[in-house]
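**Student:** only the shape, not the letters, is given here:
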């Protein structure tokens with residue numbers, strides 16, 4: 001279905017246009033030209049944006065510029081409309097990136113003709129047919145009604161799934177195989193050979209450039225398992241079997257099934273690697289837990305698309321955690337549904353509980369003393385890292401701080417190392433090849449800001465935390481990211497950065513944040529001699545309990561947001577700051593629950609192999625940084641062959 005985002009202040013006009021577009025089979029998303037709706041735009045990626053241009057319309061121009069600064073947003077045609085304007089003003093609007101401008105009274109037939117032409121350029125067309133999957137109105141009303149008991153809602157939702165889906169027999173067989181490679185390789189081969197499609201895919205992969213050597217072509221499944229690897233083959237088989245349950249086409253505007261599965265795979269891959277480091281859990285079951293960690297969302301997309309759309313809108317509007325908005329709207333969430341569904345499907349209880357408890361790990365960080373808690377920690381950490389590395393597309397990009405005790409539990413006290421992340425990238429590229437997913441190379445830059453908008457970003461960590469999500473996220477977007485070292489005088493960083501992001505904790509001092517506003521901003525070409533230089537804008541990320549720092553005198557020119565956040569808000573905040581404005585906490589959804597812990601203000605001691613240390617070593621030599629701080633070249637993890645990992649020994 002074609003989707004159109006209607007950005008208008010005129011309520012009457014909005015309702016008339018909405019009705020007219022829906023009669024033409026166009027799904028209409030209502031929005032306002034406000035920075036907080038930036039995430040909504042990226043989540044739904046409408047085919048067309050129709051924007052009213054009232055007087056004055058500076059806010060609309062800034063909003064359009066923000067969208068056009070994003071690589072994906074740049075592709076969305078924006079059509080403007082409003083009162084009659086002169087040629088100079090109209091040319092200014094078109095220069096920002098608007099496709100066209102219609103003067104009132106808008107002729108709907110001409111507007112539709114333009115939309116059809118724009119859609120034709122991307123091989124789309126208007127369709128007046130109703131969606132194939134229509135939710136029953138009565139059941140939707142029951143699900144939304146506060147008086148409907150939670151168990152009744154779960155029964156309704158699982159009933160739809162149980163009628164049409166059964167859990168893949170192949171996955172159950174793979175899970176039952178012995179851990180011993182010698183004993184189970186023949187059994188695994190028999191499982192694969194029972195599925196002609198699966199057999200073909202495994203053989204193709206084993207003979208692909210990723211594995212082929214000495215030009216020896218493999219024709220047996222047993223040989224393919226040896227070449228690919230026993231554990232790797234098991235995970236590939238489970239992944240393909242689960243993903244075959246659903247078609248690739250999206251049913252809900254704003255939900256990308258390919259991106260969802262890629263994120264789920266990444267969560268499973270990372271969780272499984274963490275489980276091997278822990279050593280006391282079944283790593284294959286942990287992989288499955290990660291792969292299925294948000295299975296309930298694709299169930300919503302398949303059977304209740306209108307419901308998913310409503311939750312997605314709530315989530316994107318607030319920049320919040322999807323499961324929080326879902327629970328607030330329904331009184332239950334998708335994990336409640338899959339817990340019951342997986343019980344019917346006879347999945348191991350530890351897998352079910354590990355999925356459900358992934359959002360509760362902070363409550364038992366001091367006592368990770370049961371298998372389901374261990375599974376939950378591995379899954380939650382996998383989910384957070386997959387989001388920070390922009391691997392796939394979820395219903396949110398929301399992360400919270402992770403207590404260092406979790407890193408002690410997975411035996412990575414210094415945080416995620418570069419070799420660990422490189423191994424994740426290498427394995428994700430294996431899945432991308434095997435599953436024929438139209439996804440960019442895992443180690444490459446994500447589709448973020450446009451190439452001309454790559455910036456030099458300094459990161460300051462005022463806490464002892466070894467996990468600083470913006471460091472990964474901004475680097476993956478292609479920005480030149482460097483860690484500022486506490487021992488280096490701030491004057492050494494003059495003319496190095498376009499912006500500085502401060503990761504603060506509950507015990508951080510306002511002065512330690514505010515002092516960074518005196519760093520001279522990078523400028524190309526350098527300012528003329530005698531001219532007053534500009535100073536680097538500073539964004540402080542704080543936990544909810546430290547939001548009082550925003551009122552401190554030392555921080556009066558500092559922008560503020562929360563450490564628990566949808567990472568896409570960083571794009572919005574930085575763009576706002578580059579326009580010479582400051583960001584306040586009121587522009588961000590406050591965390592419903594404190595992120596994860598009260599961070600202290602002791603500086604961390606990063607492992608030399610960690611991304612933080614690598615970034616820090618670059619920042620420790622600001623003179624070199626000034627010469628070579630080419631956007632998109634620093635602070636990134638490059639694709640590499642899997643390196644040594646203690647978990648493999």
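**Tutor:** Nice, I can see it. This one's a predicted model, so the numbers in the text were calculated from it and none came from an experiment.

**Student:** now do the contacts for the residue of the chain most remote from its centre.
**Tutor:** Most distant residue from the mean C-alpha position of the chain: residue 530, 44.7 Å away (CA atoms, centre = their mean). Neighbouring residues of residue 530 by CB atoms under 8 Å, 6 or more residues apart in numbering: there are none. Where you see a C-beta, it was placed from the backbone N, CA and C, and this is true even at glycine.

**Student:** before we move on, what about the one 4 residues further on?
**Tutor:** For residue 534, the contacting residues are 520, 521, 523, 527, by CB under 8 Å, 6+ apart.

**Student:** and the pLDDT at the second one?
**Tutor:** According to the model's per-residue confidence, residue 521 sits at a pLDDT of 94.

**Student:** ok so, going back, list buried residues within the contacts of residue 534.
**Tutor:** 520, 521 (16 or more other CB atoms under 10 Å).

**Student:** and the strands in the protein?
**Tutor:** Per DSSP state E, the chain carries strands over the ranges 3-7, 27-31, 48-52, 78-82, 98-103, 398-399, 456-461, 480-483, 499-503, 538-542, 559-562, 565-566.

**Student:** worst average pLDDT in those?
**Tutor:** strand 27-31 (a mean of 91).

**Student:** ok now it, how far from the chain's centre?
**Tutor:** Relative to its chain's centre, strand 27-31 lies at 22 Å (CA atoms, centre = their mean, to the nearest Å).

**Student:** just checking, what packs against it?
**Tutor:** Counting contacts by 3 or more CB pairs under 8 Å, 6 or more residues apart in numbering; DSSP states H and E, strand 27-31 packs against strand 3-7, helix 11-23, helix 38-44.

**Student:** how about CSV for those, with distance to residue 50 and mean neighbour count added?
**Tutor:** Output for the helices and strands packed on strand 27-31, formatted as CSV (distance: least, CB to CB, whole Å; neighbours: other CB atoms under 10 Å):
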stretch, distance to residue 50, mean neighbour count
strand 3-7, 5, 21
helix 11-23, 7, 14
helix 38-44, 13, 24
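
**Student:** worst mean pLDDT among those?
**Tutor:** Mean pLDDT per stretch puts helix 11-23 lowest among those, at a mean of 84.

**Student:** quick one: contacts of it?
**Tutor:** Contacts for helix 11-23 (CB under 8 Å, 6+ apart): 4, 6, 8, 28, 30, 50, 52, 108, 128.

**Student:** out of those residues, which end up buried?
**Tutor:** 4, 6, 8, 28, 30, 50, 52.

**Student:** between the strands of the chain, which gets nearest to residue 222?
**Tutor:** strand 398-399 (42.3 Å; CB to CB).

**Student:** helices along the stretch 301-450 of the chain, start to end?
**Tutor:** 305-318, 322-330, 334-344, 349-356, 371-388, 404-409, 418-434 (DSSP state H, counting those that start in this stretch).

**Student:** the longest helix belonging to the chain vs helix 418-434, what angle?
**Tutor:** Using DSSP state H, we find that the single longest helix of the chain is helix 257-278. Relative orientation of helix 257-278 with respect to helix 418-434: 140 degrees, computed using axes from the mean of the first three to the mean of the last three CA atoms, to 10 degrees.

**Student:** other SSEs contacting helix 257-278?
**Tutor:** Helices and strands touching helix 257-278, by 3+ CB pairs under 8 Å, 6+ apart, are helix 230-243, helix 283-291, helix 295-303, helix 371-388, helix 418-434.

**Student:** quick check: which of those is nearest to residue 100?
**Tutor:** Comparing the helices and strands packed on helix 257-278 by CB to CB, helix 295-303 comes nearest, at 33.0 Å.

**Student:** could you give the separation of that closest one from the chain centroid?
**Tutor:** Relative to the chain's own centre, helix 295-303 is displaced by 18 Å; criterion: CA atoms, centre = their mean.

**Student:** and stretch 461-468, by the same measure?
**Tutor:** So, by CA atoms, centre = their mean, the centroid of stretch 461-468 is 21 Å from its chain's centroid.
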